[in-house]
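Undergrad: Sequence first, then the predicted structure:
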Amino acid sequence: MDKFSAFLEKYFLPFAGRIAAQRHLQALRDGIILTMPLIIIGSIFLILGFIPIPGYSDFMGSVFGPQWLTKLLYPVDATFGIIALIAGFGIAYRLAEKYGIDPLTAGAISISGFLLATPFQVLRSFEGFEEAVTVDGVIPIALMGSGGLFVAMLIAILSTEIYRYITSKNIVIRMPDGVPPAVSKSFIALIPGFIVISIIWLMRILIEMTSFESLHNVVGDILYTPLSALGGSLIGSMIAVTLISLLWFTGLHGASIVGGVMSPIWLSATDQNRIAFQAGEEVPHIFTAQFFEIFINMGGSGATFALVIIMLLWSRSKQMKQLGRLSAGPGAFNINEPIIFGTPIVMNPILIVPFFLTPLTMTVLTYFAMSTGLVAKPVGIAIPWTTPPIIGGYLVTQSISGAVMQIVNIGVGLLIWLPFFKVWDRQKVDEEGGNTTTPESTGDKKAG
């Protein structure tokens, strides 16, 4: 194990550090995070619309009228339905910040480019027509949400890189010093913005000459479908969970780094589940952002909520008992930096085994419970990742089975963590000179 730790420290840690500092991944992560407040707000209205209480729907209909649900869900479409727009702006903004160029202009150009790449037409069914009719001049709301997320991400990065390159070559219109800064920045953006829009316009025209018809279809067939197959599979999810644990073991924020790549996939799956749930259909996906946040990362990465319980109940060393008390509050809200760095788990050859094994076991167990129908799948409701266990499981599945699944996972975590923690705790007792915090040892000392 010492050789393994040395190998990670020598080879993996520098590589992982470069990945963590990669500006494009950071911009993707930060831009998608910008959508989370809106998604949570929309989820609140979604919960209010589908509270699983018998007679709730009839009661709301009698009080607010037959259209109560449609009106209540207006904010859902106004939040979930624009995540591609928000993410596209946020990614361009954050990437421009890292380059030291005007972020507002970069965000605005990115949104314009995204809309330019999107066909303004939808298919609609009308009475008297056997087939759906194409309606032009309409912004397709489906592509403003999760359906257009990958295109928005790509255009945000492409447009900002072009903007940066043009400005770095000083191919801009600069105004005299006396001109207000806001006006000067708008003129600086003219030539870069024109080039970005022209490139995306030409791309759209060329793609329309092919069988793909639109950039959204190109990205869907070449990029989104394969990545979704990987991120939505058990093997792909286990790889993601393993990478998160491995990065944390080296002291890097694994969830943040891996999330920069996987978040768009899991966020799209969340929204597709939300659309199906809202329509009263069976939700299609198991692996969503909420699957990992609520069912796997209880207490934080490594499922350390079980470790906190063990520290509180079974610690014999003063250090571990005290750490358990300090970590109980944050752990209940899925914050585990005190545990990660206080135990420590980072570069700890003993505790790395349960840190890897516990979330992997929970991933497999929860997947089979949901795939067999024993436990309800996440229905697309996004709640804060700090929601305490049991409450979170019920809310994201709208079923008591979700809460039961969390309880089962906590029990599994206790079984896996306990034997390894006892070894570590025994070492700490020895370091403390054999002193423990058990009542018996305290009583013996007093008696002596």
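TA: Received it, and whenever you're ready, just let me know what you need. Numbers count the residues shown, from 1 in each chain.

Undergrad: Only C-alpha atoms from now on, for both contacts and neighbour counts.
TA: Noted.

Undergrad: What residues of the helix ranked longest in the chain count as buried?
TA: Counting residues, the longest helix found in the chain (DSSP state H) is helix 400-431. Neighbour counts over helix 400-431 (16 or more other C-alpha atoms under 10 Å) mark 400-403, 405-410, 412-414, 416-418, 420-422, 424-426, 428-429 as buried.

Undergrad: Torsion angles phi and psi at the residue positioned nearest the centre of the chain?
TA: Centroid-nearest residue in the chain, with C-alpha atoms, centre = their mean: residue 263, separated by 4.3 Å. Backbone torsions of residue 263, given as degrees, to the nearest 10, read phi -60, psi -40.

Undergrad: How about it: what's its closest non-neighbour residue?
TA: Leaving aside its sequence neighbours, residue 263 sits nearest to residue 289 (C-alpha to C-alpha, 6 or more residues apart in numbering; 7.0 Å).

Undergrad: Rounded mean pLDDT for stretch 336-350, please.
TA: The predicted model assigns stretch 336-350 a mean pLDDT of 86.

Undergrad: how long is it end to end?
TA: End-to-end distance for stretch 336-350: 18 Å, by C-alpha to C-alpha, to the nearest Å.

Undergrad: what's next to it, contact-wise?
TA: 1-2, 5, 248-251, 299-301, 304, 308, 320, 323, 326-327, 330, 351-352, 355, 420, 423-424 (C-alpha atoms under 8 Å, 6 or more residues apart in numbering).

Undergrad: and those, which are buried?
TA: Neighbour-count burial (16+ other C-alpha under 10 Å) is assigned, among those, to 5, 248-251, 299-301, 304, 308, 320, 323, 326-327, 330, 351-352, 355, 420, 424.

Undergrad: Can you flag which of these belong to strands?
TA: Among the buried ones among the contacts of stretch 336-350, DSSP state E puts none in strands.

Undergrad: burial count for residue 319?
TA: 18 (other C-alpha atoms under 10 Å).

Undergrad: Run through who's touching whichever helix or strand residue 392 is part of.
TA: Under the criterion of DSSP states H and E, residue 392 resides in helix 391-397. For helix 391-397, the surrounding residues in contact (C-alpha under 8 Å, 6+ apart) are 47, 290, 294-295, 376-383, 399-406.

Undergrad: Equivalent analysis for stretch 18-33, please.
TA: Against stretch 18-33 from outside (C-alpha under 8 Å, 6+ apart): 86-95, 98, 153, 157, 252, 256-257, 259-261, 263-264.

Undergrad: same thing but 10 Å
TA: Stretch 18-33 is contacted from outside by 13-14, 16, 83-84, 86-99, 149, 153-154, 156-157, 247, 252-254, 256-264, 267, using C-alpha atoms under 10 Å, 6 or more residues apart in numbering.

Undergrad: Find out how far it is from the centre of the chain, if you would.
TA: 13 Å (C-alpha atoms, centre = their mean, to the nearest Å).

Undergrad: pull the CA atoms of it into PDB?
TA: C-alpha atoms of stretch 18-33 as PDB (Å, rounded to 0.1, in the frame of the first residue of the first chain):
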ATOM      1  CA  ARG A  18      -3.300  19.700 -14.100                       C
ATOM      2  CA  ILE A  19      -6.700  18.400 -14.900                       C
ATOM      3  CA  ALA A  20      -8.200  20.200 -11.900                       C
ATOM      4  CA  ALA A  21      -6.600  23.500 -13.000                       C
ATOM      5  CA  GLN A  22      -7.700  23.100 -16.700                       C
ATOM      6  CA  ARG A  23      -9.600  26.300 -17.500                       C
ATOM      7  CA  HIS A  24     -12.100  24.800 -19.800                       C
ATOM      8  CA  LEU A  25     -13.200  22.200 -17.300                       C
ATOM      9  CA  GLN A  26     -13.400  24.800 -14.600                       C
ATOM     10  CA  ALA A  27     -15.500  27.000 -16.900                       C
ATOM     11  CA  LEU A  28     -17.900  24.100 -17.700                       C
ATOM     12  CA  ARG A  29     -18.300  23.300 -14.000                       C
ATOM     13  CA  ASP A  30     -18.900  26.900 -12.900                       C
ATOM     14  CA  GLY A  31     -21.200  27.600 -15.800                       C
ATOM     15  CA  ILE A  32     -23.400  24.600 -15.100                       C
ATOM     16  CA  ILE A  33     -23.400  25.500 -11.400                       C
END
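
Undergrad: Check which residues of it are buried.
TA: Buried residues in stretch 18-33 (16+ other C-alpha under 10 Å): 20, 23, 24, 25, 26, 27, 28, 29, 30, 31, 32, 33.

Undergrad: Those residues into TSV, with extra columns for distance to residue 140, secondary structure and pLDDT?
TA: Shown next, in TSV, are those (distance: C-alpha to C-alpha, whole Å; DSSP: H, G, I helix; E, B strand; the rest coil; pLDDT from 0 to 100):
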residue	distance to residue 140	secondary structure	pLDDT
20	35	helix	67
23	31	helix	87
24	28	helix	88
25	28	helix	84
26	29	helix	86
27	26	helix	90
28	23	helix	87
29	25	helix	84
30	25	helix	87
31	22	helix	89
32	21	helix	87
33	23	helix	86
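
Undergrad: Distance to residue 139 for the residues you listed - can I get that in CSV?
TA: Below are these laid out as CSV (distance: C-alpha to C-alpha, whole Å):
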residue, distance to residue 139
20, 36
23, 31
24, 28
25, 29
26, 30
27, 26
28, 24
29, 26
30, 26
31, 22
32, 22
33, 24
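
Undergrad: for the residues you listed, which one is nearest residue 112?
TA: residue 31 (16.6 Å; C-alpha to C-alpha).

Undergrad: how near is that closest one to residue 193?
TA: From residue 31 across to residue 193, the span is 20 Å (C-alpha to C-alpha).

Undergrad: Pull out the buried residues from the contacts of stretch 18-33.
TA: Buried residues within these, counting neighbours by 16+ other C-alpha under 10 Å: 13, 16, 83-84, 86-97, 149, 153-154, 156-157, 247, 252-254, 256-264, 267.

Undergrad: Let me see the contact set for residue 389.
TA: Neighbouring residues of residue 389 by C-alpha under 10 Å, 6+ apart: 294-295, 297-299, 305, 331-334, 403, 406-407, 410.

Undergrad: Just the residues you listed: which are in helices?
TA: 305, 331, 332, 403, 406, 407, 410.

Undergrad: what number of residues lie near the first one?
TA: If I follow you right, that is residue 305. Look at residue 305: counted by other C-alpha under 10 Å, it has 29 neighbours.
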